[in-house]
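In: how would this look folded up:
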Amino acid sequence: MQIAVVGGGVCSPKVQDMAHRLGRLIALQGHVLVCGGLGGVMEAACCGAREAGGLTVGILPGERQQANSCVDIAIATGMGHARNVIIVKSADAVVALPGEHGTLSEMALALKMNKPVISLDSWEISGALKAQDPEEALELLSRIKPRSEREKDE
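Out: Numbers count the residues shown, from 1 in each chain. Alright, predicted model coming up:
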């Protein structure tokens, strides 16, 4: 699966640790990590995934040079916040960590697109599943059918 990790471009050390652990777990389970490619939550998750041998994709608001050092595939959009649609559309599920209104918009877009959303100490919105830690988030993700299987059912 392709898992989007969304959250603040700046974060506390506690959130940075959670994002790093989450990225690592995503990679260890063989998933691709998709994010906005910048700092904070995005960088911590990418670095965790990369350290575990995973693949990271950063869908950037501007140019490729903005990508954090742990992004493997940098996609420059020149779209600013509008790139949030691409991040969510590219993912099979979204895990949200603490962030501001950009994070909230990604969660809402994912729910609107009928994609599973897991809130890991992030916004509480109707339809999002709550996880207490990265391990619980991955447990919830393990119950989600990959997109290819969902499309067969439709």
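
In: Please tell me how far the closest residue to residue 44 other than its chain neighbours sits from residue 79.
Out: Residue nearest to residue 44 in three dimensions, not counting chain neighbours: residue 19, with 3.7 Å by Cβ to Cβ, 6 or more residues apart in numbering. No exception for glycine: its C-beta is placed from N, CA and C like everyone else's. Distance of residue 19 to residue 79, given as Cβ to Cβ, to the nearest Å: 23 Å.

In: out of these two, which sits in the more crowded spot?
Out: residue 19 (30 against 14; other Cβ atoms under 10 Å).

In: any idea which helix is longest in the chain?
Out: Counting by DSSP state H, the longest helix found in the chain is helix 13-28.

In: quick check, distance from it to the centre of its chain.
Out: Its chain's C-alpha centre and that of helix 13-28 lie 11 Å apart, by Cα atoms, centre = their mean, to the nearest Å.

In: got the contact list for it?
Out: Helix 13-28 is touched from outside by 3, 5, 7-8, 11, 33, 40-42, 44-56, 95, 97-98, 120-121, 133-135, 137-138, with contacts defined as Cβ atoms under 8 Å, 6 or more residues apart in numbering.

In: Just the buried ones from these, in ChimeraX syntax?
Out: Buried members of those, identified by 16 or more other Cβ atoms under 10 Å, are gathered into one ChimeraX selection as follows:
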select :3,5,7,8,11,33,40,41,42,44,45,46,47,48,49,50,54,55,56,95,97,98,120,121,134,137,138
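
In: Look at residue 118 and say how many residues are nearby.
Out: Residue 118: 25 surrounding residues under other Cβ under 10 Å.

In: shouldn't residue 2 be in contact with residue 89?
Out: No. Counting by Cβ atoms under 8 Å, residue 2 stays clear of residue 89, with 10.3 Å between them.

In: Any regions of this protein where pLDDT drops low?
Out: 145-154 (pLDDT under 70).

In: residue ranges of the helices in it, please?
Out: Counting by DSSP H, the helices of the chain are 13-28, 41-51, 83-89, 101-112, 134-142, 147-153.

In: contacting residues for residue 88?
Out: Residue 88 sits in contact with 4, 94, 106, 109-110, 113, 115, where contact means Cβ under 8 Å, 6+ apart.

In: Among these, which one sits closest to residue 75?
Out: Here the nearest of the contacts of residue 88 to residue 75, counting by Cβ to Cβ, is residue 4; it sits at 13.0 Å.
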